[in-house]
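Colleague: model this:
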Amino acid sequence: MSKENFLEMYRHSLSHVLAKAVIEIFGKENVKYAIGPQIDDGFYYDFLLPRTVTQEDFAAIEDKMREILKRRETWTREEISKESAMDLFKDQQFKIELIQDLPEDETISIYYTGDDFVDLCRGPHVENSEDLLSAAFQIRSASGSYWRGDENRDQLQRIYAYAFPDKQQLKEHLALIKEAMERDHKKLGPQLGLFMFDETAPGMPYWLPRGWKLYNTLMNFSRDLQDDYGYQEICAPVFNNRKLYLISGHWAHYQNNMFVVPELERDENGQILLDENGSFKMRPVEEADIFSAKPMNCPNAMIVFKSQVRSYRDLPLRFSENNVLHRKEKSGQLNGLLRVQEFRQDDDHTFVMESQIEEEIAKIFELTDKIYSTLGLEYRAELSTRPEDFMGDIEAWNIAETALKNILDSKYGEGGYEINEGDGAFYGPKIDLQMKDALGREWQCGTIQLDFQLPLNFGLKYTAPDGSLKQPVVIHRALYGSFERFIAVIIENFKGAFPFWLAPTQVAVVPIKTEHNDYAKEICKLLRANRVRFEVDYEDKNMNAKIKEFKNFKVPYIVVVGGQEAESRTVSINVRGSNQQLRNVPLDTFLDMCDMMNEGKSLELMNEVPAE
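Modeller: Numbering: from 1, shown residues only. This next block holds a predicted model:
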């Protein structure tokens, strides 16, 4: 048995032990148990219980689980008919529903843990509870969950637990979790003055001054690189008539995730009319102009391409766009910057001839390598193939998938990447870029998608060398992906201590006393002229208090100036992460340091004065 299969069986078996423990604590008549799968670092189980489980219950549940394991009970697998299963679980509504969904001739397996607990399960499981006696587990949390993810169904309680084969692995994982919590962007973002959320716009971040500087620095870094590769940036309307999405296919495939603005009935003065219940009166759908906030940029890029005659000489034609997008999410799915309802993507739609596909995607990977390596990030690629709800001709899909496989085979070698069957976009296969952070966690950010379908839907053509009209192929590409998601990842990756070139505030200026403010102002003027992002505190307060405040914002360089520095035209520099102070650094030398850090985009700070 592989390590992965062993862990899956181990954790899934423990989820049964958790269910048995909860039943023994709350009483069989009071517990309705639903599902309990293993997950990456443990398992969970969903219950309908007579009261809310709190953190004070965790120790009692863990103790009961250990008590059950010490009984060394035998685990027995049985196969029964659907009718027998319905009778066996007649008091368990969630099990009954699962059984009802199975085909009539389905072989149903159940597992007994001892004689008094049975669960509906395919298995496999351990043979005896003593196989789990060395188990290292810990209840992680309890939270609400809807049965089958439907907010209109029963609200259950989901009890999560960590589980590892031994105590050392659990200890190491808990240390990793503690570190991850310290890096949590939802905590660090507001602390560092980067962003905030407000109930007036759920899932739509407010970018604060420091955060917007970070945002624009990332955007401009990408823009500058894309200029070198021949990209042209466009900006299209944020609201579009549904006619656009009927053509693209998004209305059929993506309508549930779109913010739709129906047309309201108005009188001759433009006043909105109300119906007899006091609700807004809608125009009939067949008469209304229905608009939607755009969920992606691709349909607009098709319109721009079609706006004039194109020749093969124009291709590849690269239209980049960093526009605002909106996608409607369920409230329970929102997660800081990682899952939002308003965001921007570093999108591009490149129009190519079929013969240019592989060369163009090779250039995209070249650009990807430059962006990710500058940030010290590693990534790997995954190929996602045709989904069940695909749009278009299967042969076109086969051509697109073959092209992407050839590209990945060339870059990584055959079998050097993962294939996610059926996980492509509805209009074409894609390559997803899985980025690894400082804790070894992977995040899906960038994507490269090959599309034969949207050019067909929009009737896009270019003039070939022989004068005939040909259909272009579109490469959809985002390397950061969502700026919001990418920023969440790098906040956690750098723990808010960004490299100098990326830091929202690169230099903080601290005059020791108010009589040193004039020299501080001179420094700030030079920093501004050198395009160095800075903050300064001219207030009449303790120098150490000023320094501490800037340290809390993780500013790379804190420049302290007093009478001695003003007289000698030098600065004293506190370097982030170092207890040392660089003293008597000539002002010109410090400005050169800043220029070198911005140009070189180093991940490390200079902690000594560069040689002349």
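Colleague: Skipping its backbone neighbours, what lies nearest residue 515 in space?
Modeller: Among residues not flanking residue 515 along the chain, residue 563 sits closest, at 7.7 Å (C-beta to C-beta, 6 or more residues apart in numbering). Bear in mind the C-beta positions are built from the backbone N, C-alpha and C, glycine included.
Colleague: Could you pull up the residues touching the one you found?
Modeller: Taking C-beta atoms under 8 Å, 6 or more residues apart in numbering as the contact definition, residue 563 lies against 512, 515-516.
Colleague: what's the next secondary structure element after the one helix or strand residue 212 maps to?
Modeller: Using DSSP states H and E, the element containing residue 212 is helix 209-228. Later in the chain than helix 209-228, the nearest helix or strand by DSSP H and E is strand 232-233.
Colleague: where do the strands sit along the stretch 251-400 of the chain?
Modeller: Per DSSP state E, counting those that start in this stretch, the stretch 251-400 of the chain carries strands over the ranges 259-261, 291-293, 317-321, 324-326, 342-352, 378-384.
Colleague: Tell me where the model's unsure across the chain.
Modeller: Residues of the chain that meet the criterion pLDDT under 70 lie in 1-4, 285-287, 611-612.
Colleague: how does it look with 50?
Modeller: 1 (pLDDT under 50).
Colleague: where does residue 403 fall, helix, sheet strand or coil?
Modeller: What DSSP: H, G, I helix; E, B strand; the rest coil gives for residue 403 is helix.
Colleague: swap in residue 434?
Modeller: Classification of residue 434 using three-state DSSP returns strand.
Colleague: thought it was touching residue 379?
Modeller: Yes: Residue 434 is within contact range of residue 379, at 6.1 Å (criterion: C-beta atoms under 8 Å).
Colleague: quick one, which of those two is more surrounded?
Modeller: residue 379 (20 against 16; other C-beta atoms under 10 Å).
Colleague: about what we covered before: by neighbour count, which of the contacts of residue 563 wins?
Modeller: Within the contacts of residue 563, neighbour counts (other C-beta under 10 Å) peak at residue 516, which reaches 21 neighbours.
Colleague: My read is that it contacts residue 562, right?
Modeller: Yes: using C-beta under 8 Å, residue 516 is in contact with residue 562, at 5.5 Å.
Colleague: any idea how far residue 374 is from the residue lying closest to residue 89 once chain neighbours are set aside?
Modeller: Nearest residue to residue 89, sequence neighbours excluded (C-beta to C-beta, 6+ apart): residue 95, at 3.8 Å. Going from residue 95 to residue 374 by C-beta to C-beta, to the nearest Å gives 53 Å.
Colleague: neighbour count winner among those two?
Modeller: Set side by side, residue 95 and residue 374 show more neighbours around residue 95, with 22 against 17, by other C-beta under 10 Å.
Colleague: Can you verify the more buried one is assigned to a helix?
Modeller: Yes: per three-state DSSP, residue 95 lies within a helix segment.
Colleague: and it, what does it touch?
Modeller: By C-beta under 8 Å, 6+ apart, residue 95 lies in contact with 33-34, 85, 89, 120.
Colleague: and which of those residues is nearest residue 548?
Modeller: Minimum distance to residue 548 across the contacts of residue 95 is 50.2 Å, recorded for residue 34 (C-beta to C-beta).
Colleague: Next, give phi and psi for the closest one.
Modeller: For residue 34, the backbone dihedrals (degrees, to the nearest 10) come out as phi -110, psi -90.
Colleague: show me the residues around it that make contact.
Modeller: Residue 34 makes contact with 45-48, 94-95, 147, 156 under the criterion C-beta under 8 Å, 6+ apart.
Colleague: swap the cut-off to 7 Å and go again
Modeller: 46-47, 94, 147, 156 (C-beta atoms under 7 Å, 6 or more residues apart in numbering).
Colleague: before we move on, what about residue 123?
Modeller: Applying C-beta under 7 Å, 6+ apart, the residues near residue 123 are 77, 109, 111.
Colleague: now do residue 143
Modeller: Residue 143 is in contact with residue 158, counting by C-beta under 7 Å, 6+ apart.
Colleague: Would you verify that it is located in a strand?
Modeller: Yes: per three-state DSSP, residue 143 lies within a strand segment.
Colleague: Provide the partner residues of it in its beta bridges.
Modeller: With DSSP bridges applied, residue 143 shows beta-bridge pairing to residue 158.
Colleague: where does it sit relative to residue 130, distance-wise?
Modeller: Taking C-beta to C-beta as the measure, residue 143 falls 32 Å from residue 130.
Colleague: One more: residue 209?
Modeller: Residue 209 sits at a distance of 60 Å from residue 130 (criterion: C-beta to C-beta).
Colleague: So for the two, which sits in the more crowded spot?
Modeller: Between residue 209 and residue 130, counting by other C-beta under 10 Å, residue 130 is the more crowded of the two (14 against 11).
Colleague: Residue 161 in helix, strand or coil?
Modeller: Residue 161 falls in the strand class when you classify it by three-state DSSP.
Colleague: Verify the stated contact: it with residue 142.
Modeller: No: judged on C-beta atoms under 7 Å, residue 161 makes no contact with residue 142 at a distance of 10.0 Å.
Colleague: shared neighbours, these two?
Modeller: By C-beta under 7 Å, 6+ apart, no residue touches both residue 161 and residue 142.
Colleague: These two: which has the busier surroundings?
Modeller: The neighbour count for residue 161 versus residue 142, taken as other C-beta under 10 Å, is higher for residue 161 (25 against 20).
Colleague: and the gap between the more buried one and residue 255?
Modeller: In this view, residue 161 and residue 255 are 38 Å apart by C-beta to C-beta.
Colleague: Same check on residue 151?
Modeller: Distance from residue 151 to residue 255, by C-beta to C-beta: 18 Å.
Colleague: higher neighbour count, the two?
Modeller: For the pair residue 151 and residue 255, the greater number of neighbours falls to residue 255 (14 against 10), based on other C-beta under 10 Å.
Colleague: nearest residue to the more buried one other than its sequence neighbours?
Modeller: Distances taken as C-beta to C-beta, 6+ apart place residue 245 nearest to residue 255, at 7.8 Å, with adjacent residues excluded.
Colleague: and if you look at residue 131?
Modeller: Leaving aside its chain neighbours, residue 131 sits nearest to residue 13 (7.8 Å; criterion: C-beta to C-beta, 6+ apart).
Colleague: what's the spacing between residue 410 and residue 365?
Modeller: Applying C-beta to C-beta, the value for residue 410 to residue 365 is 10 Å.
Colleague: ok, longest helix in this protein?
Modeller: Counting residues, the longest helix found in the chain (DSSP state H) is helix 3-26.
Colleague: can you pull out the helices in the stretch 451-600 of the chain?
Modeller: Applying DSSP state H, counting those that start in this stretch to the stretch 451-600 of the chain gives helices spanning 453-457, 483-494, 517-529, 543-552, 563-568, 587-600.
Colleague: Out of these, the one nearest residue 283 is which?
Modeller: Among the helices of the stretch 451-600 of the chain, helix 453-457 comes nearest to residue 283, with 27.0 Å by C-beta to C-beta.
Colleague: Output the contacting helices and strands for that closest one.
Modeller: For helix 453-457, the packing partners by 3 or more C-beta pairs under 7 Å, 6 or more residues apart in numbering; DSSP states H and E come out as helix 242-248, strand 473-482.
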